[in-house]
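Participant: here is my input, please return the structure:
(one chain, ligands or ions: 1)
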Amino acid sequence: MDFKDYYKTLGVAKTATEKDIKSAYRKLARENHPDVNSGDKGAEKRFQEINEAYEVLSDADNRKKYDQLGSQWRNAGPRRGPGPGGGAGVEFDFSDLFGGGGMGGGGQESAGGFSSFFERFFGGGGRPQQPRGPQPQQPQPEQPTSVDVEVTLAEAYSGTTRQLEIASPQVCPQCRGAGVIGNGICPVCRGAGRQQGTRRLEVRIPAGVTQGSKVKAQGVTMVINVKPDPDYEIKGRDVIRKTSVDLYGAVLGSEVSFRTPSGKEVALKVPAESQNGRSFRLSGQGLPAAAGKPAGDLYVKLEVTLPTKLTPREKELFEELSRLRG
Ligand SMILES: [Zn+2]
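Facilitator: I've put the predicted structure just below:
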């Protein structure tokens, strides 16, 4: 944690008047505003520093406290009892002045863009007692977010990823959550201190999700909807597909091959004299095991197709077959 020379940040003398400070701040804030320096990290950081300096120096109480800190700021903090070897030099007790602040860690910047120096002495209890303008809002804990996510059957088999854009309130970049700038209401958030923003996430959906599965990742709950597949019917983790075989294959026996939703090539032997609608179970070839549930099965149901547009000769042969069976 470093000492922050707020006068230097604003480029004003220690004796500067309130008006001097205000006009120096306005000029610097305009020059370094993120809107006119988009993507410039340096300007963004300067803008935060300028705002922080102004937050302290524009308030008579804060400025007084800051001036008292001076070079002895390191000794400021919570009251310490007279410990062994307590000759640490000057002992200051600023805990009354700063509302018991003294949380100072070694951190560089806090989440709100304030330095740890500021957070230690002016954050929290160190803020002015009389609010100027609207009350700054405390950041609210993020609401649990639920989104519907549609996946294909193939994705349910193998897992997939999704980019999500989640609506997420963010601290107003202009006033950094204070709701006020100088003596006026912040024009960007109109005093709310927060703005509607979006959060982008890449989330992983594991293999083996089923209709209605809930997947939690990065604070978001995804409710899974498995997209209907023209080739498959899905029942829980079991998957059913139809496969056609012609009359001769069903009567005499044959082999059919197809790809499972996981992309695996499967060859299925159709025994001779298989009836239309006969079903074959491929154990464990349904949706894969997940969430403590075993893998489902893949059912293959035969659909026997009958010949059409018979030639006179074929018709003769069927008539002969019919006489034989009759
Ligand atoms: Zn604002």
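Participant: secondary structure class for the closest residue to residue 10 other than its chain neighbours?
Facilitator: For residue 10, the nearest residue in space outside its immediate sequence neighbours is residue 24; the separation is 4.6 Å by CB to CB, 6 or more residues apart in numbering. Quick note: C-beta positions are derived from backbone N, CA and C, even for glycine. Here residue 24 takes the helix state, with states given by DSSP: H, G, I helix; E, B strand; the rest coil.
Participant: got the contact list for stretch 26-43?
Facilitator: Contacts of stretch 26-43 with the rest of the structure, by CB atoms under 8 Å, 6 or more residues apart in numbering, involve 10, 11, 44, 46, 47, 50, 51, 54, 173, 181, 182.
Participant: now the second one: phi and psi?
Facilitator: Translated: residue 11. When read as degrees, to the nearest 10, the backbone of residue 11 gives phi 70, psi 40.
Participant: list the contacts of the nearest residue to it once chain neighbours are set aside.
Facilitator: Of all residues beyond its chain neighbours, the one nearest residue 11 is residue 24 (5.8 Å), with distances taken as CB to CB, 6+ apart. When contacts are counted by CB under 8 Å, 6+ apart, residue 24 is found next to 10, 11, 12, 16.
Participant: okay, now the second one: neighbour count?
Facilitator: So the one you mean is residue 11. Residue 11 sits with 14 neighbouring residues when counted by other CB atoms under 10 Å.
Participant: just the last one next, same as before
Facilitator: Taking other CB under 10 Å as the neighbour definition, residue 16 ends up with a count of 17.
Participant: name the helix or strand for it, please.
Facilitator: Using DSSP states H and E, residue 16 is not contained in any helix or strand.
Participant: for it, give me its contacts.
Facilitator: By CB under 8 Å, 6+ apart, the contact set of residue 16 is 7, 10, 24, 57.
Participant: between the contacts of stretch 26-43, which is closest to residue 300?
Facilitator: Distances from the contacts of stretch 26-43 to residue 300 were compared by CB to CB; the smallest belongs to residue 173, at 58.4 Å.
Participant: returning to what we had before: out of the contacts of stretch 26-43, which are inside helices?
Facilitator: Among these, the residues falling in helices (DSSP state H) are 10, 44, 46, 47, 50, 51, 54.
Participant: now, which of the residues you listed sits nearest the ion?
Facilitator: residue 51 (11.0 Å; CB to the ion).
Participant: surely that closest one and residue 176 touch.
Facilitator: Yes: the pair residue 51 and residue 176 qualifies as a contact (CB atoms under 8 Å) at a distance of 6.1 Å.
Participant: re the thing from before, among the contacts of residue 16, which ones are buried?
Facilitator: Among these, the ones that count as buried by 16 or more other CB atoms under 10 Å are 7, 10, 24, 57.
Participant: export these to a markdown table and tack on distance to residue 192 and pLDDT?
Facilitator: Shown next, in a markdown table, are the buried ones among the contacts of residue 16 (distance: CB to CB, whole Å; pLDDT from 0 to 100):
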| residue | distance to residue 192 | pLDDT |
| --- | --- | --- |
| 7 | 31 | 85 |
| 10 | 27 | 87 |
| 24 | 27 | 86 |
| 57 | 25 | 84 |
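Participant: count residues in the vicinity of residue 315, would you?
Facilitator: By the measure other CB under 10 Å, the count of residues near residue 315 is 10.
Participant: can I take it that it is in a helix?
Facilitator: Yes: using three-state DSSP, the secondary structure at residue 315 is a helix.
Participant: ok, it to residue 306 distance?
Facilitator: For residue 315, the distance to residue 306 under the criterion CB to CB, to the nearest Å works out to 13 Å.
Participant: the strands in the stretch 101-250 of the chain, which residues?
Facilitator: Using DSSP state E, counting those that start in this stretch, the strands of the stretch 101-250 of the chain run over 145-151, 160-171, 180-181, 184-185, 194-205, 214-217, 220-226, 232-235, 238-246.
Participant: select, out of those strands, the one closest to residue 69.
Facilitator: Using CB to CB as the measure, strand 180-181 is the one of those that comes nearest residue 69, at 24.1 Å.
Participant: show me what the closest one pairs with in its sheet, parallel or antiparallel.
Facilitator: strand 184-185 (antiparallel) (DSSP bridges).
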